[in-house]
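Chemist: Sequence below, structure please.
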Amino acid sequence: MTSRAGPRASGTDGSDFQHRERVASHYQMSVALKSEIRKLNIVHVLIWVLMAAQVTVSQLSLVSHKVVASPYQWEYPYLLSIVPTVFSFLALPRNNISYLVISMISAGLFCVAPLIYGGMEMFPVAQQLYRHGKAYRFIFGFSAVSVMYLVIIISVQVHAWQIYYSKKLLDQWFTTTQDKKKK
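Modeler: Model prediction:
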């Protein structure tokens, strides 16, 4: 062995690295996918905290309804979207396939479904805003429907990537498990 600053080991010209062990590609892929899922989970937690803050502030009447609008109906079931994220965080450290599957299924139920309903619920209000330029709900001076549609667009992308990367990670773990069973 040689140190970075020290002399090269005798009898080698540095081209003998081919025989050295490498990290298997499926482990590298697993680490990369876990990293992406963690980042998306953190973004989702931030969105969830903002949504929970808006619902809490509105329900407890901490500020005027002119400053923070009352929540739309879809926002209440969306608050359950923290469940898939918790299962996802629990699945990653120990490669728990069951928790990852629960996370993926509940993401569709608690994340995507309320967002689809929210898009449909707010459509007439958005249409009225577009046609007549009139908004009746506001969040810090901005049209509530515009702000919430922006939240929906970002959330749909976050959840779609979460499900996509979770599926790829699940496939990665499943093939690794199958390879171990064959041996």
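Chemist: My read is that I97 contacts F174, right?
Modeler: Yes. Shown here, I97 and F174 form a contact pair, counting by Cβ atoms under 8 Å, at 7.0 Å. From N, CA and C alone the C-beta is placed, and that goes for glycine too.
Chemist: Which of these two has more residues huddled nearby?
Modeler: I97 (14 against 11; other Cβ atoms under 10 Å).
Chemist: Grab the nearest non-local neighbour of W161.
Modeler: L40 (5.5 Å; Cβ to Cβ, 6 or more residues apart in numbering).
Chemist: OK, contacts around that neighbour?
Modeler: By Cβ atoms under 8 Å, 6 or more residues apart in numbering, the contact list for L40 reads V158, W161, Q162, Y165.
Chemist: Quickly find the element holding it.
Modeler: According to DSSP states H and E, L40 maps onto helix 25-59.
Chemist: in that helix, what's buried?
Modeler: Going by neighbour count (16 or more other Cβ atoms under 10 Å), the buried part of helix 25-59 is 30, 33-34, 36-37, 40-41, 43-44, 47-48, 51, 54-55, 58.
Chemist: from the chain's centre, how far out does it sit?
Modeler: Mean C-alpha position of helix 25-59 versus that of the full chain (Cα atoms, centre = their mean, to the nearest Å) differs by 4 Å.
Chemist: cool, stretch 157-164 as well?
Modeler: 6 Å.
Chemist: please renumber so the chain begins at 58
Modeler: Okay, using 58 as the starting number, the last item reads as stretch 214-221.
Chemist: Just the CA atoms from that stretch would do, formatted as PDB, please.
Modeler: Extracted C-alpha coordinates of stretch 214-221, given in PDB (Å, rounded to 0.1, in the frame of the first residue of the first chain):
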ATOM      1  CA  GLN A 214     -44.800  16.200  -9.500                       C
ATOM      2  CA  VAL A 215     -43.200  15.400  -6.100                       C
ATOM      3  CA  HIS A 216     -45.600  12.400  -5.600                       C
ATOM      4  CA  ALA A 217     -45.200  11.200  -9.100                       C
ATOM      5  CA  TRP A 218     -41.400  11.100  -8.700                       C
ATOM      6  CA  GLN A 219     -41.700   9.500  -5.300                       C
ATOM      7  CA  ILE A 220     -43.800   6.700  -6.700                       C
ATOM      8  CA  TYR A 221     -41.600   6.300  -9.700                       C
END
